[in-house]
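K.L.:
Return a 3D structure for these sequence lines:
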Amino acid sequence: MSAYQAIIAAFSEEQTARLTGITKSQLRYWDRTHFYRPSYAEENRRAPFSRVYAFNDIVALRVLNLLRNDIGVSVQHLREVSLRLSGTNADRWSGVRLWVLSKRVVWQEPGTDMPQEIVSRQYVAPAVILDDVINRTKEQVAHFSHQRDQAKIGTIERNRYINHNAPVLAGTRIPVQAIQRFSEAGYSSNQILKEYPDLTPDDVAAALRYKSNSTAA
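P.N.:
The predicted model follows:
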C-alpha cells in the first residue's frame, strides 16, 4: 500500500463527490443500477454511511467521470467495457491505460500491446500524428534540397546571385577560394572534406585545378 493510500483509506459520499466531480445522485444511480458500486456498502443503503468508497474507487470514478461526463462515452458502452475488463487481472478503470476513439474505449491488448477497441475486440489503426508527418516531411525536403545534380560534381560555376559572382563548386555555395586557402594552409584533400562533408574528392580536385588555371592565366 502506498503512503497516500495509508493516510485516507475510506471516503464518504460527500468526499467522493468532491474528489471525483460526480454528483451524489449520479453515484447513487450507478450503485443502484450496479454500474459502479462502492467497495464498502451496507445492505441497507438507507443507513448512515452505507456507501463508503476506497482509494481505488476514487481513481476509477475519476476515470469514469472523464469518460462519461467530459468525453460523452455512453453508459451502455461503459457497461460493456466494464464487463470485458472484469475478465482481466487488472482493476477495472484504475488498473489499465485507456484511450477513446470516436467515443469508443480503446486499450492496448494484453500480450500484443496492439490498440484494440475493448467491446468489439477490433484492432484500430494508430492515430496519425500531424506533427510527426510535418517533421518527417521537413526532413525529407531538407535532404532533397541538399542533393546535388550529379553532373555538377567536380565542376566550377559562377552565378551573380551566389557569393557575389565568385567561383563556387557547382550546386553549392562553397567558394573555390575557401578550398584553396585550406590547401595553402597545409590541409590534405581528406582534411578539407571533413570541413565540407557535402563535397566529394572530385570537387576538391576541381577547386585546386581552378587555382592552377587562374595562376597560369
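K.L.:
and the closest residue to residue 104 other than its chain neighbours, what are its phi and psi?
P.N.:
Counting by CB to CB, 6 or more residues apart in numbering, residue 104 lies nearest to residue 117, which is 5.1 Å off, once chain neighbours are set aside. For every residue, glycine as well, the C-beta is placed using N, CA and C. Main-chain dihedrals, residue 117, degrees, to the nearest 10: phi -70, psi 120.
K.L.:
quick one: residue 117 from residue 123, how far?
P.N.:
8 Å (CB to CB, to the nearest Å).
K.L.:
So for those two, which sits in the more crowded spot?
P.N.:
residue 117 (19 against 13; other CB atoms under 10 Å).
K.L.:
Tell me what the more buried one is bridged to.
P.N.:
residue 106 (DSSP bridges).
K.L.:
what's the spacing between the helix or strand harbouring residue 63 and its chain's center?
P.N.:
For residue 63, the host element (DSSP states H and E) is helix 55-65. Distance, stretch centre to chain centre, for helix 55-65: 26 Å (CA atoms, centre = their mean, to the nearest Å).
K.L.:
now do stretch 56-66
P.N.:
So, by CA atoms, centre = their mean, the centroid of stretch 56-66 is 25 Å from its chain's centroid.
K.L.:
Same check on stretch 37-44?
P.N.:
41 Å.
K.L.:
same deal with stretch 86-103?
P.N.:
The answer for stretch 86-103 is 21 Å, by CA atoms, centre = their mean.
K.L.:
How far does that stretch stretch from one end to the other?
P.N.:
20 Å (CA to CA, to the nearest Å).
K.L.:
any idea of the mean pLDDT in it?
P.N.:
Across stretch 86-103, the average pLDDT comes to 82.
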